[in-house]
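K.L.:
With the sequence up front, the predicted model follows.
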Amino acid sequence: MTETQHVIALNPYRKGNKGKVFSNSMAVYDKVIASPEIRKMIQQIRGELPIPKVNANDAEAVKKAQDRLKSELPFFCPHYGIFKNNVRRQENAQPESFMFQTIIDVDDREYVDKAIEKARELNCSDSIWNGSLLHLCYSARKKLHIGIRLPVGMTIEETQKAYCEALGVPYDESCITPERMIYLTDKDSEIYRSKMWCAVLSEKEILMRRQAYLDRGLTVDGRGGKVNSLQLTVDRANQQVNSLQLTGNRADEDYPDPPEMPKKLPKLVELLISRTPEVYKPAVAHAIFPPLATHLWKTRFRYIDNVEHEARLMTLLLAGTGAGKSSVNRPIDFIMEDIRLRDAENLKREKAWKDEMLRKGANKDKRKRPENLIIQEIDADMTNPAFVMRTAEAQEHFLYTSLNELDQFDALKGSGSQQFRIMCLAADPGNKYGQTRVGTMSVTERVTIRFNWNASTTIQKGQRYFSKVLTDGPISRINFCTIPEREIGEDMPVYGTYDESYREALRPYIENLNKVTGLIECKEAFQLALKLKDENAEFARLSQDRTFENLSFRANVIAYLKACVLYVANGCKWEPEIDEFIRWSEQYDLYCKMRFFGDMIAKENFTAQKSSKRGPQNLLQILPDSFTAAQLLAIRLEHGLDAKGTDMMIRQWLHRNYIRRAYQYTGKRDSCDSCDSFEKLKYRHDGMVIKS
């Protein structure tokens, strides 16, 4: 999952402190250069507008005022996206945020027009400058800034000298410092911008460029003296955090498109999206799984960590206002049709009983609540006690709901944010939830939550909704999808007809889901989960992106369960198309999580790490309720502990009943490696203490 993340070090304020820069998305850059205030300042600096309280006939006063205005302009640093502690110093430039680009300063007006023409010529030549042109922009005094990509292995200084010679303009040695700043000009001053202007390159190209520097005995950013790999890991973490210092998330308009859905799809998926307009198909292809999985009853699948899972699936669609979020509704209606028919009968029975209770008043001969009152689809505004009661009566069937707005979950929060706890527990095998009440008419139950759901909301609302629980688990457990924004004035998408033929084609798949029970072994899904785990681990190692790695763990479980649902729905027969579809589905899920929450999570984690340095911390408390030895090792390293003590710590925690193994332990292994999975018995995030 390679991404292009546009991030720059920018001080967006007028009269901003020249020693301070903040890592921002290009959306902030664009907002600054498009502002009327900046446009007016540029016009005044160029003499196109008068400067208030300055005598236009006094050339010296005008020049002084123009110089003052120029010094008040916002600015950015073109060489690095991140400076430690947001301090613009050479030693604070973070090596792994190096942009592999520089800006040529054409500071003589007589060269400007020729330089523009020559830059374009070089960009199309057969020389090393082919495809190197990233940006052309008039400076504050309408001279020229030329943004170019560094040739592989060449330093900033070498590039500046060689390009200026090829361009035929004087070389300026003041333009090569790591902390160099450029004053921003208005949008109208921009002549040309490549999509790769200020963009982070692909992981493959970054590694290739860094290696070229290392082979020369330089650092990964082309400076003198190599840095160690541990420092690079730390710097990468800082990059993730600071990339959203002011904006809170990456800019949608600059973010790469999501991975493209495979052309060949599993038959069930192909059927369910067959009436869906093209633009909505990826969202529908994700949204169909919670209602499909709701048909499974007492059906389990053994994951690669040897833990048995039911098909616990929750999908949240994040998209803009008017993007077409309702496109998922019709396929869901057809999938849920048989469950809704049974629910309707049981709702009638429940209503009849309630009416009878009202008629009898305080009569002691009141009839007990009807048995086998299985009602799977619940109301969006259901209270917490009602949810517990429905779960208890469901006899281990899944509950299901489809929400038009995410905040409808607030009815479940009870005395405090219980909806987030329910989201977390709904994805965890063997969970326990409930309440104990004194009143004889109150609901007193302890249940295992089986709750699949679909929900939709706007991107901004979704980010706000989860902003207080970024690292508490809900985001990693939910499957996310989105709908790209359509162009203004684009034709309205047209749906196909959802008719009897659609219903009949779907029926055999639903029957297959309804009739299975017990432990289902699907070796193809199991092997696919192993492959995807390895692919995610490989990307995590290359990117050193801990947020991605953490999110990938449960994303892989979600993908595995989807594969199992397709397998069962297909009569326990594997289709070759399932492989690529599930791989795409997981990549798409992780794409959405990183796009909408990645920087927010990284910032939250970084804040927690900073505060932890003030004193000792309970490392078990920091870990998720289910974790691996690899995660524990990562926590130890982050807190300055060595790797050697990991095995001993695990043995101590096992002996003290702080944790237990999450798979059936045979006793054949004495050491703890990255394949080991554990479950916390104490210091859990859900507040429970589990008896060993």
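P.N.:
Nice, thanks for sending it over. Numbering: from 1, shown residues only.

K.L.:
Quick check on C77: phi, psi?
P.N.:
Main-chain dihedrals, C77, degrees, to the nearest 10: phi -110, psi 120.

K.L.:
ok, it - contacts?
P.N.:
Residues near C77 by C-beta atoms under 8 Å, 6 or more residues apart in numbering: I8, A9, L10, V21, F83, R88, A93, E179, R180, M181, I182. Heads up, the C-betas are built off the backbone N, CA and C, glycines and all.

K.L.:
Going along the chain, name the strands of the stretch 201-350 of the chain.
P.N.:
For the stretch 201-350 of the chain, the strands defined by DSSP state E, counting those that start in this stretch cover 299-302, 308-309, 314-318.

K.L.:
how about low-confidence regions in the stretch 201-350 of the chain?
P.N.:
For the stretch 201-350 of the chain, applying pLDDT under 70 flags the ranges 225-255.

K.L.:
buried residues in stretch 409-427?
P.N.:
Residues of stretch 409-427 classed as buried by neighbour count (16 or more other C-beta atoms under 10 Å): 409, 411-412, 414, 418-427.

K.L.:
before we move on, what about stretch 333-350?
P.N.:
If you call a residue buried by 16+ other C-beta under 10 Å, then stretch 333-350 has these buried ones: F334, I335, M336, D338, I339, D343, N346.

K.L.:
Which residue ranges of the stretch 351-500 of the chain form strands?
P.N.:
Counting by DSSP E, counting those that start in this stretch, the strands of the stretch 351-500 of the chain are 399-403, 433-435, 445-447, 451-457, 479-482.

K.L.:
hang on, the earlier thing: in ChimeraX, select just the buried ones from the contacts of C77.
P.N.:
Applying 16+ other C-beta under 10 Å to the contacts of C77 leaves a buried subset, and the ChimeraX line that selects it is:
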select :8,9,10,21,83,88,93,179,180,181,182
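
K.L.:
Out of the contacts of C77, flag the one nearest to L218.
P.N.:
Nearest to L218, judged by C-beta to C-beta, of these is A93 at 14.2 Å.

K.L.:
ok, back up a step: can you pick out the most distant pair from the buried residues of stretch 409-427?
P.N.:
By the measure C-beta to C-beta, A411 and A427 form the most distant pair in the buried residues of stretch 409-427, at 20.1 Å.

K.L.:
burial of I148, as a residue count?
P.N.:
Other residues near I148 come to 24 when the count uses other C-beta atoms under 10 Å.

K.L.:
And for the one 3 residues further on?
P.N.:
By other C-beta under 10 Å, the residues close to P151 number 18.

K.L.:
For it, pull up the helix or strand it's in.
P.N.:
Under DSSP states H and E, no helix or strand contains P151.

K.L.:
so what's it up against?
P.N.:
I128, W129, S132, T159.

K.L.:
Dump those residues to CSV, plus neighbour count and secondary structure.
P.N.:
Output for the contacts of P151, formatted as CSV (neighbours: other C-beta atoms under 10 Å; DSSP: H, G, I helix; E, B strand; the rest coil):
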residue, neighbour count, secondary structure
I128, 16, coil
W129, 22, coil
S132, 21, coil
T159, 23, helix
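
K.L.:
Is E157 in contact with I176, as I believe?
P.N.:
Yes: in terms of C-beta atoms under 8 Å, E157 counts as a neighbour of I176; the distance is 4.5 Å.

K.L.:
Sketch out the low-pLDDT regions of the protein for me.
P.N.:
1-6, 225-255, 361-366, 414-416, 435-444, 542-544, 606-617, 638-640, 663-675, 692.

K.L.:
coming back round to it: out of the buried residues of stretch 333-350, who's nearest K644?
P.N.:
Checking the buried residues of stretch 333-350 against K644 by C-beta to C-beta gives I335 as the nearest, at 52.0 Å.

K.L.:
ok, now how distant is T457 from I483?
P.N.:
Using C-beta to C-beta, to the nearest Å, we find T457 at a distance of 12 Å from I483.

K.L.:
Now for those two: what residues contact both?
P.N.:
L317.

K.L.:
Where strands are concerned, which of the contacts of C77 count?
P.N.:
I8, A9, L10, I182 (DSSP state E).

K.L.:
want to throw the residues you listed into CSV with distance to I601?
P.N.:
As requested, those are arranged in CSV below (distance: C-beta to C-beta, whole Å):
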residue, distance to I601
I8, 21
A9, 22
L10, 22
I182, 31
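
K.L.:
thinking again about what came up before, mind checking which of the buried residues of stretch 333-350 are in helices?
P.N.:
Among the buried residues of stretch 333-350, the members falling in helices (DSSP state H) are F334, I335, D338, I339, D343, N346.

K.L.:
And those residues, which is closest to K64?
P.N.:
I335 (72.4 Å).

K.L.:
For that closest one, which non-adjacent residue is spatially closest?
P.N.:
Of all residues not flanking I335 in the chain, P291 sits nearest, at 4.2 Å (C-beta to C-beta, 6 or more residues apart in numbering).

K.L.:
how near is R109 to A394?
P.N.:
Distance of R109 to A394, given as C-beta to C-beta: 78 Å.

K.L.:
how deep is R477 tucked in, by neighbour count?
P.N.:
R477: 19 neighbours (other C-beta under 10 Å).

K.L.:
can you check P262 too?
P.N.:
Counted with other C-beta under 10 Å, P262 comes out at 17.

K.L.:
Name all residues that make contact with it.
P.N.:
Contacts of P262 (C-beta under 8 Å, 6+ apart): E577, E580, F581, W584.

K.L.:
so of those, which ones are in helices?
P.N.:
Counting by DSSP H, the contacts of P262 place E577, E580, F581, W584 in helices.

K.L.:
Going by distance to R554, which of those wins?
P.N.:
Using C-beta to C-beta, W584 comes nearest to R554 of these, at 17.6 Å.
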